[in-house]
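Visitor: 3D model of this:
(one chain, ligands or ions: 1)
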Amino acid sequence: MSHQSDLIATDINAYLEQHQNKELLRFLTCGSVDDGKSTLIGRLLHDSKMIYEDQLAAIEKDSQKSGTTGEKVDLALLVDGLQAEREQGITIDVAYRYFSTAKRKFIIADTPGHEQYTRNMATGASTCDLAIILIDARHGVMTQTRRHSFIAHLLGLKHLIVAVNKMDLVEFSEQRFEEIKADYLAFAEQLSIPDIQFVPMSALEGDNVVNASENMPWFKGQTMMQLLETTQIANDESFEGFRLPVQYVNRPNLNFRGFAGTIAAGRIKPGDKVVALPSGQSSSVDEIVTFDGNLDEAHVGQAVTVTLNDEIDISRGDMLVKAGEQPMIGQSFETKLVWMNEAPLVPGRQYYFKIGHQLCIGSVTQINEKIDVNTLETSRASELELNSIATVTIHLNKQVVVDAYQQNKHTGEFIMIDRLSNGTVAAGMIEKEADAADQRLVSDQDRKVRYQQSPVTVVVNNAELAVQLEQRLFNRGHAAVIVRAEDALTVCPYIEAAGLIAIVAGSEQKLPFGITLNNNAVDELLDELKTQSILLEI
Ligand SMILES: Nc1nc2c(ncn2[C@@H]2O[C@H](COP(=O)(O)OP(=O)(O)OP(=O)(O)O)[C@@H](O)[C@H]2O)c(=O)[nH]1
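Guide: Numbers count the residues shown, from 1 in each chain. Next up, the predicted model:
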């Protein structure tokens with residue numbers, strides 16, 4: 001490799017130490033097809049001298065055979081390494097690449113631009129600190145630009161670099177750059193992204209990638225590489241509100257009981273008062289133990305084992321927090337969801353939910369609004385197809401401890417897993433606790449479709465009873481649609497048309513074809529269901 005530190009020859013230990021301690025920046029490149037993502041990454045590697053001599057020789061040879069750049073070396077070939085990609089001419093998956101400069105280490109997530117790869121982008125972005133949004137200077141802000149920016153915002157990225165690429169094809173025009181910048185800023189107002197930088201660039205020619213452009217002397221800002229090396233990310237993690245999701249209870253002998261995990265937010269010292277959640281039992285920190293010895297203080301990002309001054313019951317999946325800095329504890333939440341499965345999301349169907357180290361069963365009870373990622377317009381929807389993004393209400397079979405994702409990624413994110421295939425079907429971000437009374441009341445638009453999917457319809461006039469009923473039915477494998485008593489007659493035709501069973505509990509309304517229970521008791525209802533099992537098979 002041509003890029004080498006002098007330290008490698010003189011003091012390898014000092015070099016390794018220096019390398020180890022360099023800050024790591026994870027970033028994502030996104031743009032439409034052919035905006036120049038691969039060329040940009042190739043250029044970053046090439047100009048920062050991170051390419052092996054033999055790699056360079058190989059792509060020089062390949063450029064003549066399959067490159068798209070005429071006489072010039074096609075640096076995209078360095079990145080689009082997969083044969084299948086080359087044949088199709090597109091990047092098909094998230095590819096991670098590593099490189100470092102004297103100042104920082106980098107991991108790049110290279111994601112495909114097409115709309116059908118929204119899930120790949122979301123996957124790539126979820127662990128990144130920064131996103132580079134590429135715009136072709138000839139085309140300006142496109143639908144995809146807006147989509148990528150929205151997903152970056154959704155996943156809580158705090159830093160964006162908008163790279164206006166192919167400036168060589170618009171005569172390095174300052175006016176064109178300013179036009180695109182103004183367009184982008186007008187759109188970005190809707191997204192609250194704290195840090196947006198702009199760079200006019202030619203990835204192909206190398207202008208403003210690593211070296212400042214001689215063709216654009218009017219641009220006084222930093223080059224792409226300078227921005228990557230200097231964007232401040234150290235304070236992006238939250239130092240407020242201590243959170244230690246317990247990954248492992250370490251009990252090597254009778255005298256030691258420690259709770260191990262990576263601190264997801266805040267800081268902690270021996271003596272601090274802590275609460276274990278969801279149990280709510282409190283204690284105080286005795287020691288903070290690490291492989292390298294005990295610490296006087298630990299903070300976000302550090303992997304530690306904490307011992308407490310009292311024997312309290314804590315197991316994997318629980319969370320230690322500081323007294324007075326409580327997160328949300330609940331079973332129902334409003335969340336953003338990116339649906340990643342070929343088969344559509346079916347409200348009411350049960351999935352595993354993995355929230356940090358907490359695993360439980362639950363379902364999406366309602367799709368509140370679907371977001372058109374291209375226009376940011378919202379609409380009602382009864383199902384979500386692959387790559388859809390929506391606000392949904394989820395209901396879980398046990399209490400979990402979470403934060404809003406925008407406050408803390410680590411404690412606010414979750415995935416949904418199919419219970420049969422074990423495949424990840426969605427990624428979600430917690431927004432807030434759902435309103436317990438309303439969240440199971442089905443909206444008019446969703447009603448018809450929900451009935452077709454759901455074997456039992458329960459009509460109630462009591463929100464608390466509705467919650468209990470739905471939970472108990474869920475536990476017995478039935479999906480229930482809860483309808484408010486006052487809506488019951490309006491929705492009768494749908495129930496009838498779908499040939500479903502209506503169970504009327506505690507309601508004044510008598511549906512013509514329902515089983516009317518005169519008693520509110522849940523157990524009696526369930527007994528009734530048992531004896532009426534034939535009806536449930538419909
Ligand atoms: N003139 C000019 N051409 C460029 C520039 N950057 C990239 N290109 C060309 O644009 C085409 C697409 O570049 P890629 O880097 O493969 O684009 P991509 O965004 O990675 O495309 P996918 O991998 O298909 O998503 C290639 O022919 C590049 O040589 C630039 O700054 N100026």
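Visitor: Going by C-alpha atoms from here, please, whenever you check contacts or count neighbours.
Guide: Fine.
Visitor: all helices for the stretch 1-150 of the chain, in order.
Guide: With DSSP state H, counting those that start in this stretch, the ranges of helices along the stretch 1-150 of the chain come out as 6-10, 12-20, 37-47, 53-66, 76-79, 83-88, 118-125, 143-154.
Visitor: Which positions in stretch 304-324 come out as buried?
Guide: Within stretch 304-324, the residues scored as buried using 16 or more other C-alpha atoms under 10 Å are 304-308, 314, 317-323.
Visitor: Next, format these as JSON lines and append distance to the ligand, secondary structure and pLDDT.
Guide: Formatted as JSON lines, those follow (distance: C-alpha to the nearest ligand atom, whole Å; DSSP: H, G, I helix; E, B strand; the rest coil; pLDDT from 0 to 100):
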{"residue": "Val304", "distance to the ligand": "40", "secondary structure": "strand", "pLDDT": "92"}
{"residue": "Thr305", "distance to the ligand": "44", "secondary structure": "strand", "pLDDT": "93"}
{"residue": "Val306", "distance to the ligand": "46", "secondary structure": "strand", "pLDDT": "92"}
{"residue": "Thr307", "distance to the ligand": "50", "secondary structure": "strand", "pLDDT": "92"}
{"residue": "Leu308", "distance to the ligand": "52", "secondary structure": "strand", "pLDDT": "92"}
{"residue": "Ile314", "distance to the ligand": "47", "secondary structure": "coil", "pLDDT": "88"}
{"residue": "Gly317", "distance to the ligand": "39", "secondary structure": "coil", "pLDDT": "85"}
{"residue": "Asp318", "distance to the ligand": "42", "secondary structure": "coil", "pLDDT": "89"}
{"residue": "Met319", "distance to the ligand": "41", "secondary structure": "strand", "pLDDT": "91"}
{"residue": "Leu320", "distance to the ligand": "43", "secondary structure": "strand", "pLDDT": "92"}
{"residue": "Val321", "distance to the ligand": "43", "secondary structure": "strand", "pLDDT": "92"}
{"residue": "Lys322", "distance to the ligand": "46", "secondary structure": "strand", "pLDDT": "89"}
{"residue": "Ala323", "distance to the ligand": "49", "secondary structure": "coil", "pLDDT": "83"}
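Visitor: Is it possible to get the residues you listed out as CSV so that each row also shows distance to Asp207?
Guide: CSV is the format used below for the buried residues of stretch 304-324 (distance: C-alpha to C-alpha, whole Å):
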residue, distance to Asp207
Val304, 45
Thr305, 49
Val306, 51
Thr307, 54
Leu308, 57
Ile314, 56
Gly317, 49
Asp318, 51
Met319, 49
Leu320, 50
Val321, 49
Lys322, 50
Ala323, 53
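Visitor: still on that earlier bit, by mean pLDDT, show me the worst of the helices of the stretch 1-150 of the chain.
Guide: Here these differ in mean pLDDT, and the lowest is helix 83-88 at a mean of 46.
Visitor: Excluding chain neighbours, give the residue nearest to the one residue in the stretch 201-350 of the chain that gets nearest to the ligand in space.
Guide: Distances between the stretch 201-350 of the chain and the ligand by C-alpha to the nearest ligand atom are smallest at Ser202, namely 3.3 Å. Excluding its sequence neighbours, the residue lying closest to Ser202 (C-alpha to C-alpha, 6 or more residues apart in numbering) is Lys166, at 4.7 Å.
Visitor: residue contacts, Leu228?
Guide: By C-alpha atoms under 8 Å, 6 or more residues apart in numbering, Leu228 lies in contact with Leu25.
Visitor: So it: helix, strand or coil?
Guide: helix (DSSP: H, G, I helix; E, B strand; the rest coil).
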